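Participant: Take a look and give me a structure for this.
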Amino acid sequence: MKTDLPPIICDYLCRQSLAGRRPVYLHLDRGGHIRDGGGHLTDYDLDPLEVGRPVAAVLDFMEGLLPLDDDACHLGCLQPQADVCIDAHIIPDDQTYWLLLLDTHEDERRQRALQQKANELALLREAQARLLRRRINATAADIPAVTFDPEGERRQITVLAVGLRLAPGMETGTPPPVLLDSLTRFRRKMAGGLQAGGGLDYVQTSDSLMTLFGLLPAQTTPSEQGLSAALGLLDEFRSRDEGRGAASRGILPPAIGVASGLSVVGIGDASPGFRLRAVGAPLRAAPHLMQTAVPGQILIDRGSFQSAGRLQGQFAPLGREQTPLGEPVYMYQRMPGA
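Facilitator: Residues are numbered from 1 along each chain as shown. Here you go, the predicted model:
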């Protein structure tokens, strides 16, 4: 591929892409015999290089791959040895082949770390589900974590409603499967983070979710939990994507509404298992605030502001309006730069 990039930039990009990859190259004839090679041969037990020997006798994964068509061939995540993981690139030349080996051990380590994090979130969600299934007859030794009567109880809670907004043209210009898959994966990622912060999943739709705080033990008020989670969502979006990632796929920063107050909560039978039941003004106000907010904005009600503790200084009064049900909402928004 031709490029008009200056040589110094091409050289920099090459060094960056090969950093930590321990490259090795083998030059092969058309019969697959080793002519010469170089790079980190010792790291792959290829030193001394056996010139003239079939490459398949040295690297098992090359068996049957040659001769090759004119197009280059990429083999990813090979494991020729127990402690080695590589990417292999076979590049045809006029009368020869070039075999490039790149270490992918660090990529594998990062992938395992991400998988481990996903597993931990899955275990956390399962643990919360088990806690919700514990009915009134839980023994004293079992006293856990769900701190409300499953049959129904009035509790001071904070409701966090998150809405995903799409960039203009996304709904009409994106294939439906791609659009729905992007929304689902991003919503699930946010839900996992909220649950890790002490929230309980209440309801999810394709482009929104609602989480309740104050039903699991915590050292802070429900408002502080909910607002910390809301701020964390926006901060993570900005730091992780920085205008790329989800934003480049047309998903804008989430619009968030937070409301606090007395509500009636309980656990109802569902199939399968159990699900939260809840009713109260915060469950009506939070979605309204979320719908009012623009992408990247957090709107909170007066109850959340008054019990926000150390986070109160990050919000300023915005005004008063009424929900569609006629209930007054005193709104506060996150101050610019907070």
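Participant: so I34 touches V24, yeah?
Facilitator: No: applying C-beta atoms under 8 Å, one finds I34 not in contact with V24, separated by 11.7 Å. Heads up, the C-betas are built off the backbone N, CA and C, glycines and all.
Participant: Which residues are in contact with the closest residue to L289 other than its chain neighbours?
Facilitator: Excluding the flanking residues, the one nearest L289 by C-beta to C-beta, 6 or more residues apart in numbering is G257, at 2.8 Å. G257 is in contact with 160-161, 163, 285-293, 298-300, counting by C-beta atoms under 8 Å, 6 or more residues apart in numbering.
Participant: secondary structure element for D149?
Facilitator: Using DSSP states H and E, D149 is not contained in any helix or strand.
Participant: Now do it: how many residues are near it, please.
Facilitator: Counted with other C-beta atoms under 10 Å, residues neighbouring D149 total 14.
Participant: I90 now?
Facilitator: Neighbourhood size, I90 [other C-beta under 10 Å]: 20.
Participant: please begin residue numbering at 284 from this point
Facilitator: In the new count, where the first residue is 284, that last one comes out as I373.
Participant: What backbone torsions are found at the closest residue to it other than its chain neighbours?
Facilitator: Counting by C-beta to C-beta, 6+ apart, the nearest residue to I373 once its immediate chain neighbours are dropped is C356, at 4.3 Å. When read as degrees, to the nearest 10, the backbone of C356 gives phi -120, psi 130.
Participant: do the same with D464
Facilitator: The phi/psi pair for D464 (degrees, to the nearest 10) is phi -70, psi -40.
Participant: Same question for Y308.
Facilitator: phi -130, psi 140.
Participant: sorry, back to before: state the distance from the residue nearest to I373 to A564.
Facilitator: 63 Å (C-beta to C-beta, to the nearest Å).
Participant: returning to what we had before: buried subset of the contacts of G540 as a ChimeraX selection?
Facilitator: Command for ChimeraX that selects the buried part of these, burial taken from 16 or more other C-beta atoms under 10 Å:
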select :443,444,446,568,569,570,571,572,573,575,576,581,582,583
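Participant: Among the contacts of G540, which are located in strands?
Facilitator: Residues of those located in strands (DSSP state E): L443, A444, G446, I581, L582, I583.
Participant: Residue ranges in the stretch 284-433 of the chain under the pLDDT threshold?
Facilitator: For the stretch 284-433 of the chain, applying pLDDT under 70 flags the ranges 284-286, 352-353, 363-366, 390-392, 394-431.
Participant: the helices in it, which residues?
Facilitator: Per DSSP state H, counting those that start in this stretch, the stretch 284-433 of the chain carries helices over the ranges 290-301, 338-341, 388-416.
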